[in-house]
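S.K.: just the structure for this:
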Amino acid sequence: MPGSSPRPPAERAALRDGLRFAFGTLTVLPARITRWDRPAARTGMACAPLAGLVVGLLAAGLGCLLLLLGAAPLLVAAATVAVPAALTRGLHLDGLADTADGLGSAKPAETALRIMKQSDIGPFGVISLVLVLLVQAAALAQAYADGWARGALATVVAAVAARTALTLACRDGVPPARHEGLGAAVAGAVPAGAAAAVAAITMAAAAAAALPLGPAAAAQHALAVLAGLGAAELLLRRCVRRFDGVTGDVFGALAESAATVALVVLALG
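M.R.: Next up is the predicted model:
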């Protein structure tokens, strides 16, 4: 309007602050969080796939080492699944269990959120944990049985897809279910366009990494990322309807769901 002052540009956080935010909140790796505000959350959650890349590489490194030492693919897969759990203090798995209990409770949103905050795990949470870990280990065992390269690549792609799902879940328009906690700090922090760009880059990177295995493998790895993100999006919408927003537990459930679906797609064919 004439005479009105232009809107000031949104404050931005330096990349290093965003990386510290991403690694400090999503991993146990040494990263001192220097800023805990919306600009840092915006940059940090846009950088979440980089945290997944590091976690995936560390998990794949252990898997390849065990395979080199003569371990069977199932043992390699079990150890590989354990690494992301250890590097996240089990928070994503805990979030999966709590979200399953909340969704399965059939209670109003406020009561379901209270159930999710309890320290114990209910039957829905236990069943979800067992099935997800079993499927992940089985899919990775099949990948490592086909060779170290396919197993390592599947590990990394699943870890990156899991954190990319978090970037998409933090896009603007997704509300927090509570006014405190990680969900409130990061919900709606990432512009939708930026979140979509991160997802597209992740798919392209997965395809490029698998290209040495052949065009079919490249397409399959891109499809695995797409399927994982699609599954996480469906769960996200369900949780927003059920809980009136997202929480830190929901983010954990989204990450584990995306990783699991991506691994299943990579195990097909």
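S.K.: buried residues in stretch 233-240?
M.R.: Along stretch 233-240, these residues count as buried under the neighbour rule (16 or more other C-beta atoms under 10 Å): 233, 235-236, 239-240. Quick note: C-beta positions are derived from backbone N, CA and C, even for glycine.
S.K.: what's the next secondary structure element after the helix or strand bottoming out on mean pLDDT in the chain?
M.R.: The helix or strand with the lowest mean pLDDT-type score in the chain, counting by mean pLDDT, DSSP states H and E, is helix 182-186 (a mean of 79). Sequence-wise, the next helix or strand downstream of helix 182-186 (DSSP states H and E) is helix 192-210.
S.K.: and that next one, what does it pack onto?
M.R.: Using 3 or more C-beta pairs under 8 Å, 6 or more residues apart in numbering; DSSP states H and E as the contact test, the elements touching helix 192-210 are helix 38-46, helix 48-68, helix 148-169, helix 215-243.
S.K.: need the winner for burial among those.
M.R.: Ranked by mean neighbour count, the helices and strands packed on helix 192-210 are led by helix 148-169 with a mean of 27 (mean count of other C-beta atoms under 10 Å).
S.K.: that helix to helix 48-68, inter-axis angle?
M.R.: 160 degrees (axes from the mean of the first three to the mean of the last three C-alpha atoms, to 10 degrees).
S.K.: helix 148-169 - contacts with which helices or strands?
M.R.: Helix 148-169 packs on helix 38-46, helix 48-68, helix 73-87, helix 123-145, helix 192-210, helix 215-243, helix 248-267, going by 3+ C-beta pairs under 8 Å, 6+ apart.
S.K.: got these as JSON lines, with mean pLDDT columns?
M.R.: Rendered in JSON lines, the data for the helices and strands packed on helix 148-169 read as follows (pLDDT from 0 to 100):
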{"stretch": "helix 38-46", "mean pLDDT": "90"}
{"stretch": "helix 48-68", "mean pLDDT": "96"}
{"stretch": "helix 73-87", "mean pLDDT": "96"}
{"stretch": "helix 123-145", "mean pLDDT": "96"}
{"stretch": "helix 192-210", "mean pLDDT": "97"}
{"stretch": "helix 215-243", "mean pLDDT": "96"}
{"stretch": "helix 248-267", "mean pLDDT": "96"}
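S.K.: minimum distance to residue 12: which of those has it?
M.R.: Residue 12 lies closest, by C-beta to C-beta, to one member of the helices and strands packed on helix 148-169: helix 38-46, at 5.5 Å.
S.K.: what sits up against the closest one?
M.R.: 10-15, 17-22, 25, 33-34, 166-167, 170, 185-186, 189-191, 194-195, 198 (C-beta atoms under 8 Å, 6 or more residues apart in numbering).
S.K.: am I right that residue 12 is in a helix?
M.R.: No. Assessed with DSSP: H, G, I helix; E, B strand; the rest coil, residue 12 is coil; it does not lie in a helix.
S.K.: quick check: closest non-adjacent residue to it.
M.R.: Beyond its immediate neighbours in the sequence, the residue positioned closest to residue 12 (C-beta to C-beta, 6 or more residues apart in numbering) is residue 39, lying 5.5 Å away.
S.K.: do the same with residue 231
M.R.: Ranked by C-beta to C-beta, 6+ apart and with sequence neighbours excluded, the top spatial neighbour of residue 231 is residue 261, at 4.2 Å.
S.K.: and the one you found, how many residues sit next to it?
M.R.: One way to gauge burial is a neighbour count; for residue 261, by other C-beta atoms under 10 Å, it gives 27.
S.K.: before we move on, what about the one 4 residues further on?
M.R.: Applying the criterion other C-beta under 10 Å, we find 24 residues in the vicinity of residue 265.
S.K.: that one contacts residue 217, doesn't it?
M.R.: No. With the criterion set as C-beta atoms under 8 Å, residue 265 and residue 217 do not qualify as a contacting pair; they are 11.9 Å apart.
S.K.: ok so, going back, can you add distance to residue 208 and give the helices and strands packed on helix 192-210 back as JSON lines?
M.R.: Rendered in JSON lines, the data for the helices and strands packed on helix 192-210 read as follows (distance: least, C-beta to C-beta, whole Å):
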{"stretch": "helix 38-46", "distance to residue 208": "20"}
{"stretch": "helix 48-68", "distance to residue 208": "13"}
{"stretch": "helix 148-169", "distance to residue 208": "11"}
{"stretch": "helix 215-243", "distance to residue 208": "7"}
